[in-house]
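Chemist: Turn this into a structure:
(one chain, ligands or ions: 2)
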Amino acid sequence: MNQIINARLRGRDGLFSIEWAGGLIRAIDAQPGPQPATAEALDAGGMLVIPPLVEPHIHLDAALTAGEPRWNLSGTLFEGIERWAERKARVTPEDTKARAHRTLRMLAAHGIQHVRSHVDVTEPGLGTLKAMLEVRDEARGLIDLQLVAFPQEGIESFANGRALMTEAVEMGVDVVGGIPHFENTREQGVASIHFLMDLAERHGRLVDVHCDETDDPHSRFLEVLAEVTRVKGMGARVTASHTTAMGSYDNAYCSRLFRVLKQAGLSFISCPTESIHLQGRFDSYPKRRGLTRVPELDRAGLNVCFAQDSIVDPWYPLGNGNLLRILDAGLHICHMLGYEDLQRCLDFVTDHSARALALGAGYGLEVGRPASLVLLSADSDYEVLRSQGQALLSLRHGEVIMRRTPGETTLLPLSTPAPGYGP
Ligand code: 17E
Ligand code: FE2
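Modeler: Ligands and ions are numbered 1, 2, ... in the order given. Take a look at the predicted model:
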């Protein structure tokens, strides 16, 4: 098998065939019309073929631990951090690896082939990070994994926080993280940003900071991260995750903030299901949605994408690896069901995330790039979203790594013909 036929491609009319050899795409050709199925080719049947889905923000080290030893009953971020500290005290490398691999398989089953995972490095000895570095190698057949040195309990306000971050970078993480809104003081938050940006610059690493993950409108570390990014010229390498406080900033402040954000050119990741669950917890009514300003960032020309954040952990009790579910929720919560957004909604879980992860020429349906692609169950962005479409097949470097056979629904009685919409 070295070809897929009758594929629809985003942003292009008609049907296409895609051919590969040696794990790379060799040709993408417009077809004059539908081609008959053959034993040698995969038949896309007129459905959409896209580059693999990208999960840009998840915590694999905490996945599948909800309720161990106790559930997060308040539903706040801060209780989540406390519950995780209890579970972390009992974590072993074997336990971490088993849960991470199980979770990666859930992601791969939904057409995801690129993942960025935060790894808590506020752990003396860094045993969890060592385990996750092994997972990064072992999972290569299914997924490209970027690891972030994530200081869950702070850099400045955790014992030896700076040394742990530095050691994590020397051990080989891809990305430097941070959590300025959790540091004990504003000054520590600012200092943590300068520290982590210098560390990333010195070692040539990417940056992805949990930034202002709170409803507190006075949590304003994004302006600091953006300004340091601008001064260092690192915009293509820096991401701000969450930035939920932006949903509580007033418009006057945002008009100034957006000027700096555009100058910096950094990327943004919103985790809509997680944020609508964790934020708004100190409100009665009206109750805030607790998300960053996704459409406004997008309209300003900034790169924004959606992510899952958690699967069954102290912060979020649900999740199954299906990123299209997150896209659905995000578009609803962010008032992005307008016609134009519907036409291009897959950008937020594919190309935009690939840009945040700086995947470059390692990603995308183009001749010479990896023969990695996903077949979806509908023929357009809009239809994928409307029908709650699924990834039916995942091809990675020319090898099929996942196939799904969707369930079939028969509506009875069959005597009432209703042409048009499918299930
Ligand atoms: N840790 C954190 O600080 N924020 C989150 N959303 C998760 C872990 C999942
Ligand atoms: Fe997170």
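Chemist: Spell out which residues of this protein are next to ligand 1.
Modeler: Contact residues (Cβ under 6 Å from any ligand atom) of the chain with ligand 1: His59, Leu77, Gln152, Ile179, His210, Glu213, Glu274, Asp309, Ser310, Trp315. All C-beta spots, glycine's among them, are computed from the backbone N, C-alpha and C.
Chemist: For Ile333, state which of the residues you listed is nearest.
Modeler: Within the residues of the chain next to ligand 1, the smallest distance to Ile333 is 11.2 Å, found for Glu274 (Cβ to Cβ).
Chemist: do you know how far Asn6 is from Val367?
Modeler: Between Asn6 and Val367 the computed distance is 19 Å (Cβ to Cβ, to the nearest Å).
Chemist: quick one: which of the two has more around it?
Modeler: Comparing Asn6 with Val367 by other Cβ atoms under 10 Å, the one with more neighbours is Asn6, at 21 against 12.
Chemist: Give me the next element, helix or strand, following the lengthiest strand in the chain.
Modeler: Longest strand in the chain by number of residues (criterion: DSSP state E): strand 112-120. Counting by DSSP states H and E, the next helix or strand C-terminal to strand 112-120 is helix 127-138.
Chemist: mind listing what the next helix or strand after that following helix pairs with, with the direction of each?
Modeler: Using DSSP H and E, the helix or strand that follows helix 127-138 in sequence is strand 144-150. Sheet pairing of strand 144-150 (DSSP bridges) gives strand 112-120 (parallel), strand 175-176 (parallel).
Chemist: so how far is the last one off the chain centroid?
Modeler: For strand 175-176, the distance from its own C-alpha centre to the chain's C-alpha centre is 15 Å (Cα atoms, centre = their mean, to the nearest Å).
Chemist: is it true that Leu60 touches Ala98?
Modeler: No. Between Leu60 and Ala98 there is no contact under Cβ atoms under 8 Å: 11.1 Å.
Chemist: For the two, work out which one has more neighbours and name it.
Modeler: Leu60 (31 against 14).
Chemist: Am I right that that one falls within a helix?
Modeler: No. Assessed with DSSP: H, G, I helix; E, B strand; the rest coil, Leu60 is coil; it does not lie in a helix.
Chemist: quick revisit: which one of the strands paired with strand 144-150 lies closest to Glu19?
Modeler: strand 112-120 (19.5 Å).
Chemist: Tell me what angle the closest one forms with helix 127-138.
Modeler: 160 degrees (axes from the mean of the first three to the mean of the last three Cα atoms, to 10 degrees).
Chemist: And strand 112-120, how far out from the chain middle?
Modeler: 8 Å.
Chemist: same question for stretch 365-377, mean pLDDT?
Modeler: The average pLDDT for stretch 365-377 rounds to 98.
Chemist: now do the same end-to-end measure for that stretch.
Modeler: Using Cα to Cα, to the nearest Å, the span of stretch 365-377 from its first residue to its last is 18 Å.
Chemist: Might you quantify the distance of it from its chain's geometric centre?
Modeler: For stretch 365-377 - counting by Cα atoms, centre = their mean - the centre lies 19 Å from the chain centre.
Chemist: which other residues reach stretch 66-76?
Modeler: Stretch 66-76 is contacted from outside by 79-80, 83, 86-87, 90, 277-278, 281-282, 312-317, using Cβ atoms under 8 Å, 6 or more residues apart in numbering.
Chemist: quick one, phi psi at the residue nearest in space to the middle of the chain?
Modeler: Centroid-nearest residue in the chain, with Cα atoms, centre = their mean: Pro56, separated by 2.6 Å. Backbone torsions for Pro56, taken as degrees, to the nearest 10, come to phi -90, psi -10.
Chemist: Hmm, Leu393 is touching Leu42, no?
Modeler: Yes. Using Cβ under 8 Å, Leu393 is in contact with Leu42, at 7.0 Å.
Chemist: The two: which has the busier surroundings?
Modeler: Leu42 (23 against 20).
Chemist: what pairs with the more buried one across the strands?
Modeler: Ile4.
Chemist: Can you tell me which of the residues of the chain next to ligand 1 end up in strands?
Modeler: His210.
Chemist: and of the residues of the chain next to ligand 1, the nearest to His335?
Modeler: Glu274 (18.6 Å).
Chemist: And the pLDDT at that closest one?
Modeler: 98.
Chemist: Same check on Ile311?
Modeler: Reported pLDDT for Ile311: 98.
Chemist: And for the one 3 residues further on?
Modeler: Here the pLDDT value assigned to Pro314 is 98.
Chemist: Can you show me the helices along the protein?
Modeler: Using DSSP state H, the helices of the chain run over residues 77-88, 93-108, 127-138, 161-171, 186-203, 221-232, 251-264, 272-278, 294-299, 323-333, 339-343, 351-356, 381-386.
Chemist: These: which one's closest to Leu15?
Modeler: It is, among the helices of the chain and with distance given as Cβ to Cβ, helix 381-386, at 15.6 Å.
Chemist: what pairs with Ser17 across the strands?
Modeler: Asp29.
Chemist: That one reaches Pro32, doesn't it?
Modeler: No. Taking Cβ under 8 Å as the definition, Ser17 is not a contact partner of Pro32, at 10.8 Å.
Chemist: More neighbours: which of those two?
Modeler: The neighbour count for Ser17 versus Pro32, taken as other Cβ under 10 Å, is higher for Ser17 (18 against 8).
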